[in-house]
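*Asks:* pasting the sequence and the predicted coordinates here, then a few questions.
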Amino acid sequence: MTVAGIRYRALGRVTRPTATERQAASMAVAGGDEYDVIVVGAGPVGENVADQVVRGGLSALLVERELVGGECSYWACIPSKALLRPAAALADARRVDGAATAVRGGPNPEQVLARRTSFTHNWSDDSQVGWLDYAGIALVRGTARLVGERQVEIRTRDGGARRVAARQAVVLATGSRATVPDVPGLAEADPWTSRDATSATAVPDELAVLGGGVVGCEMATAFAALGSRVTLIARGERLLPRLEPFASEAVLAGLPKAGVDVRLGATVTAVERDEAGVRIDVADADATRTVRADEILVATGRTAAVEGLGLETVGVTELRVDDSCRVAGVDWLYAAGDVNGRALLTHMGKYQARACGAAIVARAGGDAAEPTPWSRYAATADHAAVPQAVFTDPEVGAVGLTEAEARDAGLPVRAVEYDLGQVAGASLFADGYAGRAKLVVDTGREVIVGATFVGATSAELVHAATIAIVGEVPLSRLWHAVPSFPTISEVWLRLLEAYGR
Ligand SMILES: Cc1cc2nc3c(=O)[nH]c(=O)nc-3n(C[C@H](O)[C@H](O)[C@H](O)COP(=O)(O)OP(=O)(O)OC[C@H]3O[C@@H](n4cnc5c(N)ncnc54)[C@H](O)[C@@H]3O)c2cc1C
Ligand SMILES: NC(=O)c1ccc[n+]([C@@H]2O[C@H](COP(=O)([O-])OP(=O)(O)OC[C@H]3O[C@@H](n4cnc5c(N)ncnc54)[C@H](O)[C@@H]3O)[C@@H](O)[C@H]2O)c1
């Protein structure tokens, strides 16, 4: 443990040292530009790793080339949900007799965009930087790259260069960027990525969306509600292919009701921008047709942000990590969050950050901190219980394995389903509530290994399932977890009844 570390531990958690004090201490102790931990990337994951190690008594430097808060705060989770919420609120009201008549028209695009902008603080990270200072985390704005063992070079925003060294660990938390597929003319047509969609200042009359994953379905929903005529082009035979088929079908049925023209089994073969917008050639099994739009949003997945990170300088060719996020073969190098490709979700990245940060602190104190399953040093849930909420209409919440995945994993499986509309709480929530729930049970251990809920506010049902999966709660005990009447959660009781005692 460093001297700086002992000093900060003694200070305790009540009065944390400021970043400036910590930086001064760090340099004084080392006689140079050294920190216990250097974290590259100040997205939600980098911020959390830095916070964890500082709480553990180490000094931390965070390097960020854009905004502190990363993709999630400014171009992903927060602005996308801010764009989606107004239409969802109106849809909820429209489904309740007595309230529906009060709803006139759709969302006001200008106000929706303004509310979104307020959630991104107009793309200013001042408040997050203030938090870093409070938390005692030093920040350098610039682009970092590895240049050798524990050595990081930072190209600062003013064009300068700075070298810093890590006594304990370097953590790569550089996230991911949108993948633009190699379709003729697409890159030249200046397509939108999720960044352009979530930061849009105007609503295009016509929007084509390429990709039927989460970004494609959510952004199609948001822009259709804001008044765009949206065409969603997906090459697969179903949307959201990682979910249970019934969830995909429900979203597929919902999008046209929202005004989205969905083309499944369709491949974009060429794109060209002209003075009228973009021209998109789309081939399906029968023919090639042309779709015209003002903008084309590319939503075809993410690529890990490893370009220019200098991995080759430390002999790393790919970021394979263990459950503490330590990179295989390099005991001081870690990769957490989107960049390691384990689960591209903010909450899972922050969970990895907690495990990774705890392991770094323990190892700095001489503990091996083996990432044994379910220990504080292991992101074990990445393999067993990754929850996700998809904010389409209907909403989808899912965690763990689908039935097909459980069978492929060789588990003895029985699945039970229940119509959410039959639950008293759901029918009170919305007239004609449409939704469905499914549990996947490992019959060998009589525990839940997967759950999916489809319907209004169903994302809120998922956490109970996450607890049941992570806790490996036997079904016999779940019978004693009594849901309140009349809530939508009563579906839990119905699902248990469907399974039988
Ligand atoms: C449209 C959209 C909506 C989403 N919605 C949700 C959602 O509702 N819920 C959810 O859980 N997840 C959602 N996600 C996923 C979520 O945004 C990511 O999982 C999350 O942002 C990953 O966090 P991160 O810290 O790993 O990376 P990022 O948030 O990408 O942060 C990485 C940071 O590293 C910086 N950086 C990169 N390279 C360097 C370098 N060399 N030097 C210095 N800095 C560098 C970047 O500038 C960036 O600030 C969504 C994603 C998208 C695209
Ligand atoms: N609500 C949420 O939790 C939320 C919201 C948005 C994004 N995210 C996260 O962000 C990540 C990225 O989302 P995404 O939707 O970009 O990726 P995704 O992997 O969910 O979906 C991408 C889709 O594009 C398709 N595709 C790939 N290449 C294609 C091509 N050349 N032509 C046509 N289709 C192609 C894929 O088959 C896939 O269905 C996700 O992994 C998700 O975890 C989460």
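*Replies:* That came in fine, so what should we check first? Ligands and ions are numbered 1, 2, ... in the order given.
*Asks:* rest of the way, CA atoms for contacts and neighbours
*Replies:* Fine.
*Asks:* do you know the pLDDT at residue 148?
*Replies:* Note on residue 148: pLDDT of 97.
*Asks:* begin at 17 from now on, thanks
*Replies:* Sure, I'll start counting at 17 from here, so that last one is residue 164.
*Asks:* would you confirm that it contacts residue 330?
*Replies:* Yes: Residue 164 is within contact range of residue 330, at 5.5 Å (criterion: Cα atoms under 8 Å).
*Asks:* now residue 125: how far from ligand 2?
*Replies:* 21 Å (Cα to the nearest ligand atom, to the nearest Å).
*Asks:* quick check: that residue touching residue 219?
*Replies:* Yes: using Cα under 8 Å, residue 125 is in contact with residue 219, at 7.5 Å.
*Asks:* near ligand 2, which residues of the chain are found?
*Replies:* Neighbours of ligand 2 within the chain, by Cα under 6 Å from any ligand atom: 197, 226-232, 250-251, 315-318, 360-361, 404-407.
*Asks:* still on that earlier bit, any shared contact partners between residue 125 and residue 219?
*Replies:* Listed as contacting both residue 125 and residue 219 by Cα atoms under 8 Å, 6 or more residues apart in numbering are 242, 243.
*Asks:* sheet-wise, list the partners of the strand or helix carrying residue 319 with their directions.
*Replies:* Assigned by DSSP states H and E, residue 319 falls within strand 318-320. If you go by DSSP bridges, strand 318-320 pairs up with strand 192-194 (antiparallel).
*Asks:* follow the chain on from the partner strand and name the next helix or strand.
*Replies:* Following strand 192-194 toward the C-terminus (DSSP H and E): helix 210-214.
*Asks:* tell me which residues are up against the next helix or strand after that following helix.
*Replies:* Sequence-wise, the next helix or strand downstream of helix 210-214 (DSSP H and E) is strand 222-226. Residues outside strand 222-226 that contact it (Cα under 8 Å, 6+ apart): 232, 236, 239, 244-250, 307-316.
*Asks:* do that again at 6 Å, thanks
*Replies:* Residues from elsewhere that reach strand 222-226, judged by Cα atoms under 6 Å, 6 or more residues apart in numbering: 244-249, 309-315.
*Asks:* pick the one among these closest to ligand 1.
*Replies:* Using Cα to the nearest ligand atom, residue 315 is the member of the contacts of strand 222-226 that lies nearest ligand 1, at 8.3 Å.
*Asks:* residue 229 versus the closest one, what's the distance?
*Replies:* Distance of residue 315 to residue 229, given as Cα to Cα, to the nearest Å: 7 Å.
*Asks:* of these two, who's got more company?
*Replies:* residue 315 (25 against 21; other Cα atoms under 10 Å).
*Asks:* may I have the host helix or strand of residue 159 exported as PDB, CA atoms only?
*Replies:* Counting by DSSP H and E, the element that carries residue 159 is strand 154-164. Extracted as PDB, the C-alpha positions of strand 154-164 are listed here (Å, rounded to 0.1, in the frame of the first residue of the first chain):
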ATOM      1  CA  ALA A 154      -7.900  13.500 -10.700                       C
ATOM      2  CA  LEU A 155      -8.800  14.300 -14.300                       C
ATOM      3  CA  VAL A 156      -6.800  15.000 -17.400                       C
ATOM      4  CA  ARG A 157      -8.600  15.800 -20.600                       C
ATOM      5  CA  GLY A 158      -7.000  14.100 -23.500                       C
ATOM      6  CA  THR A 159      -6.500  10.900 -25.500                       C
ATOM      7  CA  ALA A 160      -4.500   8.200 -23.700                       C
ATOM      8  CA  ARG A 161      -2.500   5.300 -25.000                       C
ATOM      9  CA  LEU A 162      -0.300   2.700 -23.500                       C
ATOM     10  CA  VAL A 163       3.300   3.100 -24.300                       C
ATOM     11  CA  GLY A 164       4.800   0.400 -22.200                       C
END
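*Asks:* which neighbouring elements make contact with it?
*Replies:* When contacts are defined as 3 or more Cα pairs under 6 Å, 6 or more residues apart in numbering; DSSP states H and E, strand 154-164 sits against strand 76-80, strand 167-172.
*Asks:* the nearest residue to residue 348 once chain neighbours are set aside: what secondary structure?
*Replies:* Using Cα to Cα, 6 or more residues apart in numbering and skipping residues adjacent in sequence, the residue nearest residue 348 is residue 185, 4.6 Å away. At residue 185 the chain is in strand, as set by DSSP: H, G, I helix; E, B strand; the rest coil.
*Asks:* before we move on, the earlier item: including mean neighbour count, could the helices and strands packed on strand 154-164 go into JSON lines?
*Replies:* Compiled in JSON lines, those are given as follows (neighbours: other Cα atoms under 10 Å):
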{"stretch": "strand 76-80", "mean neighbour count": "27"}
{"stretch": "strand 167-172", "mean neighbour count": "20"}
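*Asks:* make a markdown table from these and add distance to residue 385 to it.
*Replies:* Output for the helices and strands packed on strand 154-164, formatted as a markdown table (distance: least, Cα to Cα, whole Å):
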| stretch | distance to residue 385 |
| --- | --- |
| strand 76-80 | 20 |
| strand 167-172 | 24 |
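*Asks:* residue 272 is nearest to which of these?
*Replies:* Nearest of the helices and strands packed on strand 154-164 to residue 272, taken as Cα to Cα: strand 76-80 at 40.8 Å.
*Asks:* so what's the gap between that closest one and the chain middle?
*Replies:* 21 Å (Cα atoms, centre = their mean, to the nearest Å).
*Asks:* other SSEs contacting the very next helix or strand once past that strand?
*Replies:* Later in the chain than strand 76-80, the nearest helix or strand by DSSP H and E is helix 86-91. For helix 86-91, not one helix or strand is in contact under the criterion 3+ Cα pairs under 6 Å, 6+ apart.
*Asks:* let's see that with 7 Å instead.
*Replies:* Under the contact definition 3 or more Cα pairs under 7 Å, 6 or more residues apart in numbering; DSSP states H and E, helix 86-91 sits against helix 210-214.
*Asks:* check the residue positioned nearest the centre of the chain and give its pLDDT.
*Replies:* Nearest residue to the geometric centre of the chain (Cα atoms, centre = their mean): residue 361, 2.3 Å. Looking at residue 361, its pLDDT stands at 98.
*Asks:* appreciated, that's everything.
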